[in-house]
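[1] What would the 3D arrangement of this be:
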Amino acid sequence: MWLEEYVRAAAEAAIRSGKTRYWISKESGIQPTKLAQFLSGERTLNAPTLGRLMTALGLEIDDRPRRIKDAIRNLS
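    Below you'll find the predicted structure:
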């Protein structure tokens, strides 16, 4: 699954939990039309725009290497 698909899924989860597309649009600075097209899979977002959407949704990329034991411990 690509990063965009994860972000799309997170946005859809936020909508199901009560956030509106309007709220996401305002928080991310993405035009409502662009956001709707992204959520429906009709368009992609460039990296800076995807980053703004991730920030609005409280997502971040953690690229620090982890030890396997630490990763397993965090899952439980």
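[2] Contacts made by the helix or strand harbouring Glu27 with the rest, please.
    Element membership for Glu27 (DSSP states H and E) is helix 21-28. Residues from elsewhere that reach helix 21-28 (Cβ atoms under 8 Å, 6 or more residues apart in numbering): 11, 14-15, 30-32, 35-36, 39, 49, 52-53, 55-57. In short, each C-beta sits where N, CA and C put it, glycine included.
[3] try it again with 7 Å
    With contact meaning Cβ atoms under 7 Å, 6 or more residues apart in numbering, helix 21-28 is reached by 11, 14-15, 31-32, 35-36, 52-53, 56.
[4] so after it, what's the next helix or strand?
    Next element after helix 21-28 (DSSP H and E): helix 32-39.
[5] and that following helix, C-alpha only, in CSV?
    Output of helix 32-39 as CSV, limited to C-alpha atoms (Å, rounded to 0.1, in the frame of the first residue of the first chain):
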residue,chain,number,x,y,z
PRO,A,32,-12.4,21.2,-1.0
THR,A,33,-12.6,20.1,-4.7
LYS,A,34,-9.0,18.8,-4.6
LEU,A,35,-9.7,17.0,-1.3
ALA,A,36,-12.9,15.4,-2.6
GLN,A,37,-11.1,14.2,-5.8
PHE,A,38,-8.2,12.8,-3.7
LEU,A,39,-10.6,11.0,-1.3
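[6] what's the spacing between it and its chain's center?
    Here helix 32-39 is found 13 Å from its chain centre; the criterion is Cα atoms, centre = their mean, to the nearest Å.
[7] Buried residues of the helix holding Glu27, list them for me.
    The neighbour-count check on helix 21-28 (16 or more other Cβ atoms under 10 Å) flags 24-25, 27-28 as buried.
[8] got JSON lines for those residues, with distance to Leu45 and pLDDT too?
    Converted to JSON lines, the buried residues of helix 21-28 look like this (distance: Cβ to Cβ, whole Å; pLDDT from 0 to 100):
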{"residue": "Ile24", "distance to Leu45": "12", "pLDDT": "97"}
{"residue": "Ser25", "distance to Leu45": "13", "pLDDT": "97"}
{"residue": "Glu27", "distance to Leu45": "15", "pLDDT": "97"}
{"residue": "Ser28", "distance to Leu45": "10", "pLDDT": "97"}
